[in-house]
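> Structure for the following, please:
(chains A and B)
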Amino acid sequence: MGFGTYVVKKVLIYFSVLIATLSILYIFTFPVIQQVLIKNINAEVATFQQTLVKYSHDLSQSQIRQAVDQYKDSLIAAYGLNQPIISKYFIQMYQLMTFNFGRAYFLQAPSGSTQVSDIIFYYLPNTILLFTSSTLIFIFVGTLIGLLSAKSRFWEKIIGFIAVIHSSLPTWWLGFLLIAGLAYGIKAFPPGGMNSIPPPKDPFSYGIDVLYHMVLPMLAVFIVNVGGFAYIVRSLVTSTLKEDFVVTAKARGIPNSKILFKHVLRTASPSIATQSILAVAGSFAGGLTTEVVFQWPGVGLLTYEAIFQQDIPVILGVTFVLTIVLLLGLFLGELVYGILDPRIKVGE
Amino acid sequence: MSQKSRGLSYYLKEFLKIKIGLAGLIILAVLLVFTGIALTVPSNVYNSWFNPAVWSQNPPDVPPSWLSYFSGQYFTTQQITSSNSVSYAGGQYYITELNFSFEWSKSVIPNDVYFIISSNSSPLSMSLYWIKPDGDKIQINVPSGYYNVPFDLIPIKDSIINYISSKSGTVPEKIATYVLVTALFDSAKTNFTAVENGKYNVVVYMVSKSPMNTSNSKITLLGNSYGLMGTDYFGRPLDLGILLGLPNALEIGALTAVISVLIGIIVGGLSGYLGGNKDSVIQWVTLVFLALPALPFLVAVSFVSRPSIELEALLIAFLSWPFYAIIARSVALSIKSNSYVEVDKLLGIPSYRVFFTHFLPRLVPITIAYMALGVPAGVLLEQTLAFLGIAPPGLITWGGMLDDAYTYQAQVNGWWWWVIFPGAMIVIVAVPFVLIGFAIERLSLGER
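The predicted model follows:
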């Protein structure tokens, strides 16, 4: 099996997984999706009727009603509401996979659009910016600690301790404490948001300003997650250490640190890379509440607003988008593994 | 690993040797004791948590009362009952006199004063005298309708403002509870800037047509600290909320862990044991569930269906079993490569017997370890959902308390007790399970 076949196989698998995952979500939210669609159709029909009354003075009342009814029927058919459940499923799944989540009830994007996908794609980059950068930092430090723990008792003890933190400390609560202590207590960092008000004009100081606002949330994400990642790396490294080539290298008298950073790291790197991509993809979905605490204008804060205002289309839309993002991450992880792992690359 | 028998008692003995596991067990035992206490709290107390009116006589937003040991500035709420009530008949009327007295030695004033004048029949008139240590006497007219209902200083503010203007010649610009309490406790001679310490007397006269029973009357001086953990915006004692939030946290953690680990171990174990095409199919199913992002999925589904706590546990378990399935599969694969499994196969022993004799027993320790490690995951997810405002209805959760703290800007206002205690409880519930899980994991997989 060559690398090309590997990719094709993975694409097929992940596409089927995508359909299956979205179907599960669809089944769980089926009645609500129907409600949302009916509400959206009614709203569209109302705007259609208004424009018709406004611009077509030569139409009689009954003609207008007929046109409106026709329009409504066409919409119902387009969303598959009058179809048997099987075709309904296919029509609506197609809508979901093309990011057509309908209109939000109350929320809107800064551009004024009420399309759920526009709203989400306005906020998603902010989420990606914050969590990709903070995840990369804890991945780097976590890998380092994981490697060090393989040769030092001290770091192994540290790993045990920070791994406990990882499994028991909610990031958003730590965020609370950091804000109370570092933002309101000693006033070293801004308590939340993404920019100062008003934001600086020139791009350089704008970037610095955003970075400054990112420090506290990054710190929270780092403290909570570095232990978990170090733990994963440690177990990857320890299993590699038992391999024959490490024993051989030791027997040849190669210094420990060289074995660790050259042989072991190189062998474990495909797995570490896969875990890293997984961590990044997972962090977008897991960081919803962290964004709320830090008032970071990403999809998490958007979800909180949507829950507060009972804006169901937005909540559903965010869930679907984050599912697709996570799946994309899983897929990328497999690809990177395939590229880095020589056994797959040469087609073994 | 040695080949000696590995019965339950062996594991128990070895487990108790591991210090972190023992520490985890002790914390867990303490938590279970408190859970028992929480379960004895009657349901009307539990439900009153969601009714802010019940807590109106508690001081809102005050820190824990143990701060008074460190600083004389803090004191707790005091209740003063009447020392004596005298009733005398004059013609066809009865006059009832109620005497309250208390010592005030703090250099700060109470947050508010609540009066409750309770009687079995409504009096024809009622007058109240507030007598300060230096003899200043404030006459307070209580508007009708305040018998048997608690009232603070706002309904009687006119009398107090009259007193202030008669002493200082000016009317305060802003009339807040704080100003009114100042008038009652600060010395008029210093123009209401210094607290008068000493004995305060409050006398209430009531005129009625029949003799009165006033045994439930009392004055409450609202403190600037309360209970073990302070109070929130509504005056609810946080220690009560934290106690009542404990059972559901443990319940959801235990339920999700048991369900998800059992599903995960069985699915993953079978997958690794069967191998081949069946393995690929099971792995595909695992991947499907792994690709569902837990938090957004839970947000969407519990927002639209508002599940009960048991259903919420099922939902969380539904999303978290793949992690255990992956681990169980790899363990099963390593068991499968052992020679004794191959020998059994060659001997023609039926595969289900091989599964029960070789696989399940070896999967038990990791099952228990991950059940313990799975508890915090369930607890954290539940509290995170509650923080987002979608807890099961009618349930007191620490996440919900923190959501309130966030809504009322506790971190901005410096109400640290409202942020620290509920969050710390989430950690305290999670930690013993992590410790126990790590201990069992170390025991069953062996130290490297």
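
> Surely B:A294 touches B:L315?
No. Contact between B:A294 and B:L315 fails when scored by CB atoms under 8 Å: they sit 9.4 Å apart. All C-beta spots, glycine's among them, are computed from the backbone N, C-alpha and C.

> Low-confidence regions, chain B specifically.
For chain B, the stretches flagged by pLDDT under 70 are B:1-8, B:445-448.

> can you give me the strands for it?
B:78-81, B:84-90, B:93-104, B:112-116, B:125-131, B:137-141, B:198-208, B:218-222 (DSSP state E).

> other SSEs contacting the fourth one?
Meaning strand B:112-116. Applying 3 or more CB pairs under 8 Å, 6 or more residues apart in numbering or on different chains; DSSP states H and E, one finds that strand B:112-116 contacts helix B:177-185, strand B:218-222.

> Now that strand: buried residues?
Of all the residues in strand B:112-116, those buried under the rule 16 or more other CB atoms under 10 Å in any protein chain shown are B:112-116.

> Same check on the longest one?
Residues of strand B:93-104 classed as buried: B:94-96, B:98, B:100, B:104 (neighbour count, 16+ other CB under 10 Å).

> Near chain B, which residues of the stretch 151-300 of chain A are found?
Residues of the stretch 151-300 of chain A found near chain B (CB under 8 Å from any CB of the partner chain) are A:160, A:163-164, A:167-170, A:172-173, A:176-177, A:179-180, A:184, A:191, A:238, A:282, A:284-286, A:288-289, A:292-293.

> Mind checking what helix or strand follows the longest helix along chain A in sequence?
Identified as the longest helix of chain A according to DSSP state H is helix A:203-241. Once helix A:203-241 ends, the next helix or strand along the chain (criterion: DSSP states H and E) is helix A:244-251.

> Give me the residues contacting the helix or strand just after that next one.
Once helix A:244-251 ends, the next helix or strand along the chain (criterion: DSSP H and E) is helix A:256-258. The contact list for helix A:256-258 (CB atoms under 8 Å, 6 or more residues apart in numbering or on different chains) reads A:151, A:250.

> now the residue in the stretch 1-150 of chain B that chain A sits nearest to: how far from B:L238?
Residue nearest to chain A within the stretch 1-150 of chain B (CB to the nearest CB): B:I20, separated by 8.0 Å. Distance, B:I20 to B:L238, by CB to CB, to the nearest Å: 30 Å.

> ok, now B:L39?
Distance from B:L39 to B:L238, by CB to CB: 19 Å.

> quick one: which of those two has more around it?
The residue with more neighbours, out of B:L39 and B:L238, is B:L238; 25 against 10, by other CB atoms under 10 Å in any protein chain shown.

> May I have the residues that are in contact with that one?
Counting by CB under 8 Å, 6+ apart, B:L238 has contacts B:227, B:229-232, B:401, B:417-418, B:421-422.

> Sticking with the closest residue to chain B within the stretch 201-348 of chain A, tell me its helix or strand.
Closest residue of the stretch 201-348 of chain A to chain B, CB to the nearest CB: A:A285 (3.4 Å). A:A285 is located in helix A:265-286, with elements delineated by DSSP H and E.

> how big is the angle separating that helix from helix A:203-241?
Angle, helix A:265-286 to helix A:203-241, by axes from the mean of the first three to the mean of the last three CA atoms, to 10 degrees: 130 degrees.

> just how off-centre is helix A:265-286 within its chain?
14 Å (CA atoms, centre = their mean, to the nearest Å).

> same deal with stretch B:279-291?
Per CA atoms, centre = their mean, the centroid offset for stretch B:279-291 relative to its chain is 39 Å.

> quick one: buried residues of stretch B:68-83?
Buried positions in stretch B:68-83, judged by neighbour count with 16+ other CB under 10 Å: B:68, B:74-77, B:80, B:82.

> can you check stretch A:331-340 too?
A:331-338, A:340.

> could you dump those residues to TSV with distance to B:D134?
Below are the buried residues of stretch A:331-340 laid out as TSV (distance: CB to CB, whole Å):
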residue	distance to B:D134
A:F331	81
A:L332	79
A:G333	78
A:E334	83
A:L335	84
A:V336	82
A:Y337	84
A:G338	88
A:L340	85
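
> What is the neighbour count of the nearest residue to B:I175 once chain neighbours are set aside?
Take B:I175 and drop its neighbours on the chain: the residue closest to it by CB to CB, 6 or more residues apart in numbering or on different chains is B:K157, 6.1 Å away. Neighbourhood size, B:K157 [other CB under 10 Å]: 17.

> and the residue lying closest to A:D341 once chain neighbours are set aside, what is it in contact with?
Leaving aside its chain neighbours, A:D341 sits nearest to A:P270 (4.4 Å; criterion: CB to CB, 6+ apart). By CB under 8 Å, 6+ apart, the residues touching A:P270 are A:336-337, A:340-341.

> Much appreciated, bye for now.
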